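1. here is a sequence with its predicted model. Questions after.
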Amino acid sequence: MSLASASDLINSFNLNGGSLDATNVSIIQGTASVIESLYILEAVEGLGNEDINLFYSIPTAALLKRLDNYTSGTIDAQLLTSIKGKASDLIIIYSSSGITGLGNEAINITSGTATTSQANTLAAATTGILSATISEGDMATLDGITESGNALSITVTDTIVAATELNTLDSKTTTDLTVTSSTITGLATDVITAYTATGSINGLGNEAVTLSDTSIDAEVLINLDALTSGIINASSINTITGAASDLITAYEANEAGTITGLNNEVVILTDTNLSAANLLTLDAYPYTTGVVNAVSVNTITGAAADLIAAYAAKEAGTITFSTDEAIIVNDSVTVAQFNYLAANNDGVITATISEGDMATLDDITESGNALSITVTDTIVAATELNNLDSKTTTDLTVTSSTITGLAADLITAYAATGSINGLGNEAITLSDTSIDATVLFALDALTTGIIDAASITTLTGSDSDQATVRA
């Protein structure tokens with residue numbers, strides 16, 4: 001007999017009254033536990049050099065060690081799909097020359113923990129999944145884990161740990177990491193990755209964060225601030241970008257103390273439309289002493305005083321603009337304020353001019369802007385009206401009771417329907433010395449007011465037209 005099952009041999013032992021000569025057995029097969037039951041029978045002779053073929057079971061490594069010690073033959077373990085036990089015992093059986101067929105079974109360390117070194121040794125010994133609790137907690141050692149895809153229970157115990165190391169370690173195990181660290185360091189994107197790895201990195205939420213970014217988006221900083229109740233140290237940042245609302249929120253968090261280290265970085269806005277008040281908020285202490293870059297802004301709105309202050313900051317060099325952004329003044333603006341804004345900007349200014357006297361309005365220096373203007377002088381010259389009308393793309397409103405000037409200028413003013421409003425019932429005082437009667441007819445049709453033609457010394461035109469004028 002060369003091949004026998006362990007259970008058959010045990011049955012023979014029992015049938016023979018408790019004795020068995022197994023000298024002729026060269027191979028024993030069966031499950032590991034049954035085979036061991038055979039070896040521990042005291043009255044069995046002739047065993048010690050036979051081979052063993054193991055059937056499917058989930059033996060402990062300690063049991064396989066004992067089988068290996070029972071015989072100098074070879075143990076064929078190719079039918080095993082899983083082995084469990086202590087890490088040290090597992091390493092012994094995988095290094096034994098007397099055991100063959102291992103290399104694709106799962107390994108489950110069910111007794112005690114495994115060091116990183118032991119885990120690496122066992123992971124390299126099988127293509128199956130290694131399940132273990134790692135005994136070390138320092139990242140310097142844990143970084144040495146060489147393989148991924150295994151179910152390693154790991155607790156990171158370093159006081160300070162880099163987010164990128166956490167993320168790398170998390171990728172090496174299918175089991176959740178537990179982190180007891182009090183400070184997380186690194187780039188914001190890496191830190192956010194670690195905090196949002198819900199279900200794979202546990203224990204985060206109240207630790208301090210020390211950023212290493214030099215440039216960051218305000219929205220990213222806000223998101224990070226929401227992920228931990230600890231303080232975020234942002235002192236490494238020298239440039240912060242984003243919408244004004246996000247930037248203000250980030251700086252408010254800095255003031256509240258949940259973020260620290262902000263106050264001297266360059267601010268780069270991404271808004272295309274912005275209020276001057278928000279711009280001034282960002283430019284003022286205690287937000288940042290750095291330059292606020294508002295080049296992205298296409299339209300800036302606000303009260304005249306805020307807009308003046310914003311462009312004064314531009315002159316001072318603490319705010320930069322693209323120079324062609326549109327300006328919308330929400331309240332009224334004086335001519336002097338308008339001229340200041342126009343001198344510092346090439347874009348279109350939309351505003352309501354507060355003054356109504358032509359002496360002041362004549363000082364408007366630039367044209368092409370949408371200025372709402374009401375001329376309130378009792379008497380106004382038509383040429384000044386026409387000149388003022390050319391300076392705005394928005395209709396003038398005229399409340400004057402008398403218009404003066406040459407007939408040609410007066411007709412131009414009255415004919416500027418849609419750009420000069422409010423005319424039609426005012427008196428007219430002509431300054432012409434010579435005029436054609438038909439021109440007087442045309443002018444008379446434009447107003448219900450009285451035309452004073454006392455300046456005219458020469459009247460031209462047909463006799464009938466002249467007679468009509470004189471009638």
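-> Received, thanks. Numbering: from 1, shown residues only.

2. secondary structure class for the residue lying closest to residue 173 once chain neighbours are set aside?
-> Closest residue to residue 173 apart from its sequence neighbours, by C-beta to C-beta, 6 or more residues apart in numbering: residue 152 at 4.1 Å. For the C-beta atoms, the positions are set from N, CA and C on the backbone; glycine is no exception. Following DSSP: H, G, I helix; E, B strand; the rest coil, residue 152 is assigned to strand.

3. any idea how far residue 83 is from residue 152?
-> 17 Å (C-beta to C-beta, to the nearest Å).

4. with residue 280 instead?
-> Taken as C-beta to C-beta, the span from residue 280 to residue 83 is 71 Å.

5. quick one, which of those two is more surrounded?
-> residue 83 (28 against 20; other C-beta atoms under 10 Å).

6. what helix or strand does that one sit in?
-> Using DSSP states H and E, residue 83 maps to strand 82-86.

7. now do residue 224
-> Here residue 224 is assigned to helix 218-227, by DSSP H and E.

8. just checking, what packs against that helix?
-> Applying 3 or more C-beta pairs under 8 Å, 6 or more residues apart in numbering; DSSP states H and E, one finds that helix 218-227 contacts helix 188-195, strand 232-233, strand 239-242, helix 244-256.

9. can you lay out these as CSV showing mean pLDDT?
-> Converted to CSV, the helices and strands packed on helix 218-227 look like this (pLDDT from 0 to 100):
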stretch, mean pLDDT
helix 188-195, 97
strand 232-233, 98
strand 239-242, 98
helix 244-256, 96
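
10. check the chain for its longest strand and report it.
-> strand 326-333 (DSSP state E).

11. who does that strand touch, helix- and strand-wise?
-> strand 299-302, helix 304-316, helix 335-343, strand 349-353.

12. quick one: buried residues of the longest one?
-> The reference is to helix 304-316. By neighbour count on 16 or more other C-beta atoms under 10 Å, the buried set for helix 304-316 is 304, 306-311, 313-314.

13. any idea of the pLDDT on residue 351?
-> Looking at residue 351, its pLDDT reads 98.

14. surely it meets residue 334?
-> No - checked against C-beta atoms under 8 Å, the pair residue 351 and residue 334 is beyond contact range at 9.9 Å.

15. residue 8: which of the helices and strands packed on strand 326-333 is closest?
-> Evaluated over the helices and strands packed on strand 326-333, closeness to residue 8 peaks at strand 299-302, with 93.9 Å, by C-beta to C-beta.

16. please compute how far the lowest-mean-pLDDT helix or strand in the chain lies from its chain's middle.
-> Counting by mean pLDDT, DSSP states H and E, the chain has its least confident helix or strand at helix 463-470, which shows a mean of 84. Distance, stretch centre to chain centre, for helix 463-470: 81 Å (C-alpha atoms, centre = their mean, to the nearest Å).

17. contacting residues around that helix?
-> Residues external to helix 463-470 that are found in contact with it (C-beta atoms under 8 Å, 6 or more residues apart in numbering): 436-438, 440-441, 459-461.
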